[in-house]
Each structure stands twice: as structure tokens, then as C-alpha cells.
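>>> next come a sequence and a model predicted from it.
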Amino acid sequence: MNGQPARVAVVEDEGPVRLAVERALRREGVWVAGIAGFVEPDRILALAPDLVILDVGLPGGDGFDLAARLRAGRDVPIMFLTARDTVEDRLRGFALGADDYLVKPFALEELLARLRAVLRRTGRLDRVIEAGDLIIDEQAGLATRGGEPLELTPTELRVLAYLVRHRGLVLSKTQLLTQVWGYDAYDPNVVEVHMSALRRKLEARGPRIIETVRGLGYRLSPR
């Protein structure tokens, strides 16, 4: 995506849900447009979204109908986010070409994980990310610092990529467990062990850039 943030349109009439999703996406560095109900597809497509998060039960129209009209206008990825949870509803959504279908109530972490998966599958999300002298190619499973390769395990690479995407922010162990391991019930010591190994490998190539914020978590230098 040439270094530009992913663009996501959130079509959701429930204000608290829409705002929570918007905030979570912005924390991920995503450009977000919130739309509070059914609108003509041209209005959404004019935003040039890389993905549309779409409710089904919308005031003024049906989300399934809107999805069909969106896909007729442009091959834009669509993720349904809805309380409609029957098998028939899911099958209808996928028959319309949906890339994913998430049922309410939902966990924001799961929505973000699914969103990233869709954007990667459709080529809308950069697989190469940079921070200072760090370069990470997630698709190739490679990372370098100062032009020198880092011998990282797949998990260490995922941890580092997550830190880079959120550099400057303090990330808790629970947040890292949820986002990297996909489950927050693991022993938090797992994070400490991986972070220690990751620091050792990074500091063999330069100064310390991962900071421990006592009682809160870890932060990658924003430089």
C-alpha cells in the first residue's frame, strides 16, 4: 500500500459499537470513516476503502442489499459485523462475496485479527514494516536491524511486528498474549521469556529500544 494506512469504512447504526470499532482501528493506525446507517453505495466507494465493515440490520435499508450493490460497483472486501447469527444468514453473506462474517457480541481483538487477515489476503496491508533501523518482512518471515539479519523465531517476529506497529504505546502482557498468541490465559511469563530473548537479539545489533514500563507492560521506542 505504498506506506499509506489501510482505509476502512464502518457502516454501523449502533453508536457505541461503531465508536468502539473506530477507536480500536485508529489505535492500529487505520484510517476510518464511520457511517451511521444505510447509505447509497457510491457514498461509501467515494471513500476508496480497502475494506468495509458492514452491519446487516440498518435503518433505511438492508446490509445484505448494500453489500451486493457495493460489490457490483467495485471489488471491495466486506466483513459483516451483525447480530444475525443463523446459518442461513452466514451463508447468504458469504454467497454475496463477503470476506468474513463476525457475529455480535464480539471481542475487539478478534475483529482486529480478522480484519488484518482479510487485508493481507487481499493485498491491502503492507507486509513490510519499518521503524528506525528495523525492517520486518512478515510474509518472508525476515527481520533486519541496521542491515544485519536478526535470527528470530516465528513468535519473536510476530511480537516484534506488533511492537513496531504500535511503537510509542505501552502494551500490556495480556494485550500481547491476545494479539500474538491469540489467547490471554497463557502464563504471562511466556511474554517475559520471549521479550528477554528478543531484546538480547536486538541489542546485539544496536542500543536498547524495548522499554519495560513497570506494572504496565512494554513499549518500543517511537524513534
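Received, thanks. All of these numbers come straight from a predicted model, not from anything done at the bench.
>>> wait, doesn't residue 109 sit right on residue 178?
Yes. Judged on Cβ atoms under 8 Å, residue 109 makes contact with residue 178 at a distance of 4.7 Å. No exception for glycine: its C-beta is placed from N, CA and C like everyone else's.
>>> so for those two, which sits in the more crowded spot?
More crowded of residue 109 and residue 178, by other Cβ atoms under 10 Å: residue 178, with 20 against 17.
>>> the more buried one contacts residue 110, doesn't it?
No. Here residue 178 does not reach residue 110: they are 9.0 Å apart, not a contact under Cβ under 8 Å.
>>> quick one: the helices in this protein?
Taking DSSP state H, the helices of the chain run over residues 15-27, 41-45, 63-73, 87-95, 108-121, 154-165, 173-176, 189-203.
>>> export those helices as a markdown table, with columns for mean pLDDT and distance to residue 80.
Formatted as a markdown table, the helices of the chain follow (pLDDT from 0 to 100; distance: least, Cβ to Cβ, whole Å):
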| stretch | mean pLDDT | distance to residue 80 |
| --- | --- | --- |
| helix 15-27 | 90 | 13 |
| helix 41-45 | 93 | 14 |
| helix 63-73 | 92 | 7 |
| helix 87-95 | 95 | 5 |
| helix 108-121 | 86 | 11 |
| helix 154-165 | 90 | 25 |
| helix 173-176 | 87 | 26 |
| helix 189-203 | 93 | 33 |
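>>> tabulate the ones you listed (TSV), appending distance to residue 140.
Below are the helices of the chain laid out as TSV (distance: least, Cβ to Cβ, whole Å):
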stretch	distance to residue 140
helix 15-27	26
helix 41-45	33
helix 63-73	32
helix 87-95	31
helix 108-121	13
helix 154-165	10
helix 173-176	23
helix 189-203	17
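>>> nearest to residue 221, out of those helices?
helix 154-165 (9.7 Å; Cβ to Cβ).
>>> by contact count, what packs against that closest one?
Contact partners of helix 154-165 among helices and strands, from 3 or more Cβ pairs under 8 Å, 6 or more residues apart in numbering; DSSP states H and E: strand 128-131, strand 134-137, helix 189-203, strand 217-220.
>>> can we see that at 6 Å?
If you count contacts as 3 or more Cβ pairs under 6 Å, 6 or more residues apart in numbering; DSSP states H and E, helix 154-165 packs onto helix 189-203.
>>> hmm, who's touching the helix it packs on?
For helix 189-203, the surrounding residues in contact (Cβ atoms under 6 Å, 6 or more residues apart in numbering) are 150, 155-156, 159, 173, 176, 210.
>>> what do you get if the cut-off is 7 Å, keeping everything else the same?
Taking contacts as Cβ atoms under 7 Å, 6 or more residues apart in numbering, the residues outside helix 189-203 that touch it are 145, 150-152, 155-156, 159-160, 173, 176-177, 208-210, 218.
>>> which of those residues ranks first by neighbour count?
Highest count within the contacts of helix 189-203 by other Cβ under 10 Å belongs to residue 160, 27 neighbours.
>>> and that residue, how close does it get to residue 146?
From residue 160 over to residue 146 the distance is 15 Å, taken as Cβ to Cβ, to the nearest Å.
>>> how about residue 211?
Residue 211 sits 19 Å away from residue 146, going by Cβ to Cβ.
>>> check residue 153 too.
Taken as Cβ to Cβ, the span from residue 153 to residue 146 is 20 Å.
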